[in-house]
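**Q** would you be able to build a 3D model of this:
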Amino acid sequence: MRQLRHRRLTAVVALATLLVTAAPPTAASAGAGAKPERAGFHRVGYFTQWGIYGRAFPVKKLDTSGAASRLTHVNYAFGNVSEDGRCYVDGGPGEGDAWADYQRPVPAEESVDGVADAPGQALNGNFGQLAKLKAKHPELKVLISLGGWSWSTYFSNAARTDASRKAFVASCIDIYLKGNLPGSPGAAAGVFDGVDLDWEWPNWEGEPGNVIRPEDRENFTKLLAEFRRQLDGYGRTTRKHHPLTAFLPANPATMDAGYEGRKIFKYLDFATVQGYDFHGGWDAVTNQQSALRVPRGAPDNPDFSSEVAIDGWIARGAPRNKLVLGIPYYGRGWTGVSGGGNGLFQPATGPAPATFEAGYEDYKQLKTLAGKGYTVHRDLRSGHAWLFDGTTFWTYDDPAVVLQKTLYIRQAGLAGAMMWSLDGDDDNATLTKTIGLGLTTW
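**A** A predicted model of the protein is given here:
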C-alpha cells in the first residue's frame, strides 16, 4: 500500500513537471478567447492593491497570462475599516491608496482592453481595470476583501453593537457595490459583486494595536448576519445574488476564541482557510510553511498543516462543501542554516534576504533558484517542497505540490482553492493553471 501511494504521488510530480515545461500560451489563447474552466470548484485569487508598483502586476496580467479564465473569484485586497466603524477608501498614506484604487490613469499598455484611461474620468485605476476584466470574463466574480493583517485594527468597533453593524455594512455596500466613491457617485457600480471579510482575528491577537474584545466571537456571527441581510436586500434591487465570504485561521486556538463554528456558515457562501504561514523566519529552526500534512520528525507537537486546519474547521461544524483551501504563491526562508543534511528542521540565524521583505519571496523568484546552487527537496507524504543551497533554505509550493493539494481538495470533498496572492505567480500563470488543471470538472 505504501509503495502504491508513493507511485501515485510520483505521478503527481511528473504531471506537474509537464505543466511547468509546456510551452507558454500565445496571447490569443491566454486571454478572453481561452475556454473558461469555471464549473464545479471555486478558484479564488487575491489581487493586491499594491502589486501594481514593485511587482509590476496590473490587472491586465490576469487576462494575458491566462489566469482570469481559470478563476471563479478575484478578491481585491484590501478595503479599510475606520476607527468609528465604517468602510472608507481614501484615508491618506498608510490608511488607503485611492490613487491605485480608482484615480490612477492606466496607460494603454497596462489596460485590459488596450485603451488608456483619460485623466479625470469617472473611474480609473484598479477598479476601472477590474470592470474591463469582467467585461471580457463575464462569469468572473470580484469581491472586496475587507481588513487583512494591517487593516483589521477596528473591526471590533464596527461589529460591537447592532447599530454599529448596520452602519458599517451600509457604508461598505454604499462604497463598493453601489460604487459611490468620494466625489464620484455611482462611478464604481458593478465592479464588485460581493464582500470578503478578512478580520485577523476576532478576540485573538493579530497585528499589534488591534482592538480585541471577548465579545468579538459572538459579534462576528452577528456581523455576518447583518451583511447577509443587507446584501440580500440590495440583491432584490439588482436581481443578483451578492456573495459573502470570509478568511478563516489555521490555528485551532484562534478558531475557538474567535468563531462560533457551525453558526457562521449559515451566512457564508463559502470560507477560505489559511493554508500557509505555519512557520517562518520568526522561528529559530527551518520548517515548512504550507505542508499538506505535518511531516514526520517535525519539532513542534502539535503542529500546523493544511489538513490540521481543514480538520479543525470540520470538527467545529463547518460543512466540507463550504471550505476553500488557501495555497501560497510565495515561500518563507531562513539563512545561516547549520546542521547539514537537506536543511529541514535545522538551526538558522534569521530570515533569508529577499526582494521586498526578509524571509518572504514570490514563487516567480524562487522557481529560478533550482539548479543555481539550490537543490529541490520533497516530502511526498507530507506534501511540501523546499530549496536548500547549504546555507539558505526556502519552503514553498511549486506546481507539483499545488497539484497534490488539488487532489486532496477533491478527495476531501472541499469547495475549492484560494491563492495568496496572484502577483506571486509567473507571467504564464503556472500555479493558477495548475490549480485549473487539478480542479477542472471532468
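**Q** below-threshold pLDDT in the stretch 1-150 of the chain: ranges please.
**A** By pLDDT under 70, the low-scoring segments of the stretch 1-150 of the chain are 1-39.
**Q** hey, where'd the strands end up in it?
**A** Listed in chain order, the strands of the stretch 1-150 of the chain (DSSP state E, counting those that start in this stretch) span residues 42-48, 73-81, 87-88, 141-148.
**Q** swap in the stretch 151-300 of the chain?
**A** Secondary structure of the stretch 151-300 of the chain (DSSP E, counting those that start in this stretch): strands located at 194-199, 244-248, 270-273.
**Q** residue 51: which of these is closest?
**A** Proximity to residue 51, assessed across the strands of the stretch 151-300 of the chain by C-beta to C-beta, is greatest for strand 194-199 (16.2 Å). No exception for glycine: its C-beta is placed from N, CA and C like everyone else's.
**Q** buried stuff in stretch 421-437?
**A** Residues of stretch 421-437 classed as buried: 421-426, 428-437 (neighbour count, 16 or more other C-beta atoms under 10 Å).
**Q** rewinding a little: mind putting the strands of the stretch 151-300 of the chain into CSV with mean neighbour count?
**A** CSV is the format used below for the strands of the stretch 151-300 of the chain (neighbours: other C-beta atoms under 10 Å):
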stretch, mean neighbour count
strand 194-199, 25
strand 244-248, 25
strand 270-273, 24
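**Q** let me have those strands in TSV, extended by mean pLDDT and distance to residue 217.
**A** Output for the strands of the stretch 151-300 of the chain, formatted as TSV (pLDDT from 0 to 100; distance: least, C-beta to C-beta, whole Å):
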stretch	mean pLDDT	distance to residue 217
strand 194-199	98	11
strand 244-248	99	13
strand 270-273	98	16
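**Q** make a markdown table from those and add distance to residue 307 to it.
**A** A markdown table is the format used below for these (distance: least, C-beta to C-beta, whole Å):
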| stretch | distance to residue 307 |
| --- | --- |
| strand 194-199 | 22 |
| strand 244-248 | 15 |
| strand 270-273 | 11 |
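**Q** these: which one's closest to residue 390?
**A** Nearest to residue 390 among the strands of the stretch 151-300 of the chain is strand 270-273; the distance by C-beta to C-beta comes to 34.7 Å.
**Q** give the contact list for residue 283.
**A** Contacts here follow C-beta atoms under 8 Å, 6 or more residues apart in numbering; on that basis residue 283 touches residue 334.
**Q** any figure for the gap between residue 356 and residue 54?
**A** Spatial separation of residue 356 from residue 54 under the definition C-beta to C-beta, to the nearest Å is 6 Å.
**Q** quick one, what contacts the nearest residue to residue 323 once chain neighbours are set aside?
**A** Excluding its sequence neighbours, the residue lying closest to residue 323 (C-beta to C-beta, 6 or more residues apart in numbering) is residue 414, at 5.1 Å. The contact partners of residue 414, taken as C-beta under 8 Å, 6+ apart, are 310, 320-321, 323-325, 408.
**Q** name the SS class of residue 414, please.
**A** Residue 414 carries the three-state label coil when classified by DSSP: H, G, I helix; E, B strand; the rest coil.
**Q** next one: the one 3 residues further on
**A** When the structure is reduced to helix, strand and coil (three-state DSSP), residue 417 reads as strand.
**Q** show me the shaky parts of the stretch 301-442 of the chain.
**A** When the per-residue scores of the stretch 301-442 of the chain are filtered using pLDDT under 70, the ranges that remain are 442.
**Q** mind listing the strands for it?
**A** Counting by DSSP E, counting those that start in this stretch, the segments of the stretch 301-442 of the chain that form strands are 323-328, 330-335, 350-351, 360-362, 375-379, 384-388, 393-396, 416-420.
**Q** output the ones you listed as JSON lines; include the columns mean neighbour count and distance to residue 166.
**A** Rendered in JSON lines, the data for the strands of the stretch 301-442 of the chain read as follows (neighbours: other C-beta atoms under 10 Å; distance: least, C-beta to C-beta, whole Å):
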{"stretch": "strand 323-328", "mean neighbour count": "25", "distance to residue 166": "28"}
{"stretch": "strand 330-335", "mean neighbour count": "27", "distance to residue 166": "38"}
{"stretch": "strand 350-351", "mean neighbour count": "16", "distance to residue 166": "43"}
{"stretch": "strand 360-362", "mean neighbour count": "22", "distance to residue 166": "38"}
{"stretch": "strand 375-379", "mean neighbour count": "17", "distance to residue 166": "49"}
{"stretch": "strand 384-388", "mean neighbour count": "26", "distance to residue 166": "44"}
{"stretch": "strand 393-396", "mean neighbour count": "28", "distance to residue 166": "43"}
{"stretch": "strand 416-420", "mean neighbour count": "25", "distance to residue 166": "29"}
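**Q** the closest residue to residue 100 other than its chain neighbours and residue 243, how far apart?
**A** Taking C-beta to C-beta, 6+ apart as the measure, residue 100 lies nearest to residue 49, with 5.1 Å between them; neighbours along the chain are not counted. Computed as C-beta to C-beta, the residue 49 to residue 243 distance reads 20 Å.
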